[in-house]
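> When you get a sec, could you give me coordinates for this:
(chains A and B, ligands or ions: 2)
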Amino acid sequence: MRNIVKIAARNLWRYKRRTLLTSLLITLGVVSVLLFVSVSGSFRNMMVGQITDSMIGHIQIHKKGYLSSMDSLPLDRNLSEKQVKKIRKLLADNSDIKAFSSRIRLGAMFSNFSETTNIRLAAVNPEMEMKTVPLLAARILKGKKDGLIGRGEVLIPELIAKGMKVKIGDSIVLVANNKDGSVNGQTFTVRGVLEGISGPGGRDGVMHIQDARELLRIDSKEVSEVAIRLKDMDRLQMVYDGLKQKLGSIKNKKGKPIFEIHTWEKLSPFYNIARMIDLLTLFIKVMLVAIVLVSIMNVMIMAVYERINEIGTIAAIGTKPGKIMALFVTEGLLLGILGTVFGVALSLGGIAWMNASGLSFNFGRQKGLLLAPTIGATEIIIVAGIVVAIAVLGSLQPAIKAARMDPIKALRHI
Amino acid sequence: MTLVESRNITKVYQAGEVSVKAIKEVSFTIDEASFVAFVGPSGSGKSTLLNMIGCLDPPTSGTLRVAEQDISDMGRSRAADFRGKNIGFVFQDFNLIPVLSVFENVEYPLIMVQDWASDKRRKRVSELLEAVGVADQTDKYPRQISGGQKQRVAIARALVTNAPLVLADEPTANLDRKTAERIIDLMKKMRDEFGTTFIFSTHDPRVVKNAEIIFTLEDGRLIRQHTGEGGNHA
Ligand SMILES: Nc1ncnc2c1ncn2[C@@H]1O[C@H](COP(=O)(O)OP(=O)(O)OP(=O)(O)O)[C@@H](O)[C@H]1O
Ligand SMILES: [Mg+2]
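Numbers count the residues shown, from 1 in each chain, chains lettered A, B, ... in the order given. Ligands and ions are numbered 1, 2, ... in the order given. A predicted model of the protein is given here:
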């Protein structure tokens, strides 16, 4: 084995320029993939983090049918107190869940005493909400951040603050339709201005859940949704499946499920962008495979052709076809490894450089987000594994051809 | 003891519509430790015959026994195995492996064909390099040595496995006369030293005369077998 590697390595060294060019091509491919994966991956994770941690949470539970009519913020599709209790019990027992927050979503008329507009609000319990969406407080542009929201206070979206010329500390009136059709209004103090982000609920104001109940004249502890934060985002699908199965088994008298459950992916349009990034990554990986396959195969076909006489010689003196094949496959393998090692080293250097130089970008209304590209060991191992496997695959056909050569014909070849 | 025994072997090459009878019903025997030359004009079938004896190409008909084995009809893998154990090859163009040093070229069959332990292997290779007179070239690469030296290394490689038979198709064709004679002398010396049978082909009469037994081929037929000048005891 050692000698096969030795001979293969020397044959690579014998055609230095060709070896260098081919491994450079592979290096280039590996670098493109790893840099793309790391940059797009960190962009993706950052955006997903923004969306889940400042607004949606990882998973949400609603009453069946709520989501499809969410735009109208229906109060008659709320989860009843009894149903909420069931959900709470289920969530409290689940060790994967870090926190959850119950919210009432409502629409109201917003008045600054001279003008009126519509406002959408999420009414929350501040402690629960801060644990479930820890980055929400970071979206408060003006006003104090700790404690999130108190009784008699409201956080209003940036757009309304500008459009209605409302400042922190101003009194405003919220008027809301109750379930029974009557109308109720209350005065609130503007506590802060919230930065808007894209996605459902991204331009909603925030108020205290107890205030919402008074405004809406709701006596029971019903809520519109329960948002959930997981300890480990990687277990999202597993936790989701588990909860879905448990919730699905709770049925009403007609035998229909009472609840609906969604991951952030279903709730946010960013999921499609994330999917697109994943697709692009896949596409680039396919390109890498093609580059490696074609370049290795090309070089190995040439190597076999140039060495027909040598193949004839070693076959004549008794080298078994399997060993001849191994010689060429090893050569391709070494070439693949060479390109991969260079590529990984260069990529890690590139990633370190990007981190050191502080790459920033703008996403929607968010300016100067600092991109911190990283790459996991698993991703490196997967990419390296693919390249090495393809290198072997690419040299297989020429190697088999060499192994099957008739020694006499090969010896006579000039 | 008989090492090679050929009975009525024929070789027909099929080239499309035309079939060429390269060897026609040839029979002969060669004893162990012989020093044999096949001679004849170009196209007479010397290479074809040597290839068959070397288990590189099966005869079309007839039986061919080498080292007490019938090699007339062997599969590829068994043939490779047989060659690795019983036959050493010396080629007209030397055919050393360019990426291996002189030492490594001679060592090659002991690693890649047979499986010798490293200390035994080194000893054997040094012994052979000494015997063929290139002990001072061990670390050089084929491109750094002369044609005569290359052929000496090739002879060492052919002998290193203790094969009972070495086949050399035109081993001196690419060498000047003096060097050619030295190579033939070396082969004979190796025969004396190791008891290895050498069969070579040539159309150089000055080389032929050093053989002990000379087979003359013409148009695929064995037309004469006689003792050469070198054959005082054959
Ligand atoms: N693979 C082949 N296909 C068809 N014909 C062949 C093949 N190999 C050899 N021949 C023919 O067989 C005959 C004998 O060829 P061979 O090479 O054995 O001659 P030779 O005595 O070695 O000649 P030389 O001295 O030129 O090397 C020739 O007529 C040659 O054309
Ligand atoms: Mg010939």
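
> which ones are touching A:Gln210?
A:Arg151 (Cβ atoms under 8 Å, 6 or more residues apart in numbering or on different chains). Where C-beta positions appear, they are placed from N, C-alpha and C, glycine not excepted.

> Render the CA-only coordinates of the strand or helix carrying it in CSV, please.
Secondary structure from DSSP states H and E places A:Gln210 in helix A:209-216. What follows is helix A:209-216, C-alpha atoms only, in CSV (Å, rounded to 0.1, in the frame of the first residue of the first chain):
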residue,chain,number,x,y,z
ILE,A,209,-52.0,41.3,27.7
GLN,A,210,-54.0,42.4,30.7
ASP,A,211,-54.7,45.8,29.1
ALA,A,212,-55.9,44.0,26.0
ARG,A,213,-58.3,41.9,28.0
GLU,A,214,-59.8,45.0,29.5
LEU,A,215,-60.0,46.9,26.2
LEU,A,216,-61.6,43.9,24.6
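
> Could I get the average pLDDT for it?
The average pLDDT within helix A:209-216 is 94.

> residue ranges of the strands in the stretch 151-300 of chain A, please?
A:153-157, A:171-177, A:183-194, A:205-208, A:225-230, A:259-263 (DSSP state E, counting those that start in this stretch).

> typo on my end, chain B
Ranges of strands in chain B, per DSSP state E, are B:2-15, B:18-31, B:35-39, B:61-66, B:69-70, B:87-90, B:165-169, B:197-202, B:213-218, B:221-227.

> Each with direction, which strands does the shortest one pair with?
It stands for strand B:69-70. Using DSSP bridges, strand B:69-70 pairs in its sheet with strand B:61-66 (antiparallel).

> what's the angle between the strand it pairs with and strand B:165-169?
Orientation check (axes from the mean of the first three to the mean of the last three Cα atoms, to 10 degrees): strand B:61-66 against strand B:165-169 gives 120 degrees.

> Could I get the pLDDT score of the residue positioned nearest the centre of chain B?
By Cα atoms, centre = their mean, the mean C-alpha position of chain B lies nearest to B:Leu167, the distance being 1.1 Å. B:Leu167 is assigned a predicted lDDT (pLDDT) of 97.

> same question, the one 3 residues further on
At B:Glu170, the pLDDT value in this model is 94.

> Which residues are in contact with the residue lying closest to it once chain neighbours are set aside?
Distances taken as Cβ to Cβ, 6 or more residues apart in numbering or on different chains place B:Gln92 nearest to B:Glu170, at 4.3 Å, with adjacent residues excluded. Going by Cβ under 8 Å, 6+ apart, B:Gln92 touches B:169-171, B:173-174.

> do B:Leu129 as well
For B:Leu129, the contacting residues are B:102-103, B:106, B:135, B:137-138, B:153, B:156, by Cβ under 8 Å, 6+ apart.

> how close does A:Gly394 sit to A:Leu293?
Distance of A:Gly394 to A:Leu293, computed by Cβ to Cβ, to the nearest Å: 5 Å.

> More neighbours: these two, which one.
Applying other Cβ atoms under 10 Å in any protein chain shown to A:Gly394 and A:Leu293 shows that A:Gly394 carries more neighbours, namely 26 against 15.

> pretty sure that one belongs to a helix, no?
Yes: counting by DSSP: H, G, I helix; E, B strand; the rest coil, A:Gly394 is located in a helix.

> Sketch out the helices for chain A, chain order is fine.
Counting by DSSP state H, residue ranges of the helices within chain A are A:2-14, A:16-51, A:81-92, A:126-132, A:158-163, A:209-216, A:236-248, A:264-267, A:270-306, A:308-316, A:321-357, A:377-403, A:407-412.

> what bits of the stretch 201-350 of chain A have low per-residue confidence?
For the stretch 201-350 of chain A, no stretch has pLDDT under 70.

> ok and the residue in it nearest ligand 1?
A:Gly312 (13.2 Å; Cβ to the nearest ligand atom).

> Please produce JSON lines containing the helices of chain A, extended by distance to B:Gln69.
Below are those laid out as JSON lines (distance: least, Cβ to Cβ, whole Å):
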{"stretch": "helix A:2-14", "distance to B:Gln69": "28"}
{"stretch": "helix A:16-51", "distance to B:Gln69": "43"}
{"stretch": "helix A:81-92", "distance to B:Gln69": "80"}
{"stretch": "helix A:126-132", "distance to B:Gln69": "83"}
{"stretch": "helix A:158-163", "distance to B:Gln69": "93"}
{"stretch": "helix A:209-216", "distance to B:Gln69": "95"}
{"stretch": "helix A:236-248", "distance to B:Gln69": "65"}
{"stretch": "helix A:264-267", "distance to B:Gln69": "71"}
{"stretch": "helix A:270-306", "distance to B:Gln69": "32"}
{"stretch": "helix A:308-316", "distance to B:Gln69": "18"}
{"stretch": "helix A:321-357", "distance to B:Gln69": "20"}
{"stretch": "helix A:377-403", "distance to B:Gln69": "24"}
{"stretch": "helix A:407-412", "distance to B:Gln69": "19"}
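
> Ok, which of those comes nearest A:Phe188?
For A:Phe188, the closest of the helices of chain A is helix A:209-216, at 7.3 Å, according to Cβ to Cβ.

> and the closest one, how far out from the chain's middle?
Here helix A:209-216 is found 36 Å from its chain centre; the criterion is Cα atoms, centre = their mean, to the nearest Å.

> Kindly export stretch A:256-273 (C-alpha atoms) in CSV.
Taking Å, rounded to 0.1, in the frame of the first residue of the first chain, the C-alpha atoms of stretch A:256-273 are listed here in CSV:
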residue,chain,number,x,y,z
LYS,A,256,-61.9,17.3,14.1
PRO,A,257,-58.6,18.5,15.5
ILE,A,258,-58.9,21.7,17.6
PHE,A,259,-55.4,23.1,17.2
GLU,A,260,-53.0,24.0,14.4
ILE,A,261,-49.3,24.2,14.8
HIS,A,262,-46.7,25.7,12.5
THR,A,263,-43.0,26.2,12.5
TRP,A,264,-41.5,29.6,11.7
GLU,A,265,-40.9,28.3,8.1
LYS,A,266,-44.6,28.2,7.4
LEU,A,267,-45.1,31.6,9.1
SER,A,268,-42.4,33.7,7.5
PRO,A,269,-41.9,34.5,3.9
PHE,A,270,-38.1,34.5,4.5
TYR,A,271,-38.3,30.8,4.5
ASN,A,272,-38.5,30.9,0.7
ILE,A,273,-35.4,33.0,0.6
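
> residues of that stretch that come out buried?
For stretch A:256-273, burial by neighbour count (16 or more other Cβ atoms under 10 Å in any protein chain shown) applies to A:258-265, A:267-268, A:270-271, A:273.

> Not counting that stretch itself, show me its contacts.
When contacts are defined by Cβ under 8 Å, 6+ apart, stretch A:256-273 is touched by residues A:47-48, A:51-52, A:56-67, A:79, A:83, A:87, A:198-200, A:236-237, A:240, A:243-244, A:247-248, A:250-252, A:274.

> Go again with 7 Å.
The list of residues contacting stretch A:256-273 from outside it, by Cβ atoms under 7 Å, 6 or more residues apart in numbering or on different chains, reads A:47, A:51-52, A:56, A:58-64, A:66-67, A:83, A:198-200, A:236, A:240, A:243-244, A:247-248, A:250-252.

> ok, now how distant is the residue of the stretch 101-250 of chain A at minimum distance from chain B from A:Leu333?
Proximity to chain B, evaluated over the stretch 101-250 of chain A using Cβ to the nearest Cβ, is greatest for A:Asp234 at 48.7 Å. Separation of A:Asp234 from A:Leu333 (Cβ to Cβ): 33 Å.
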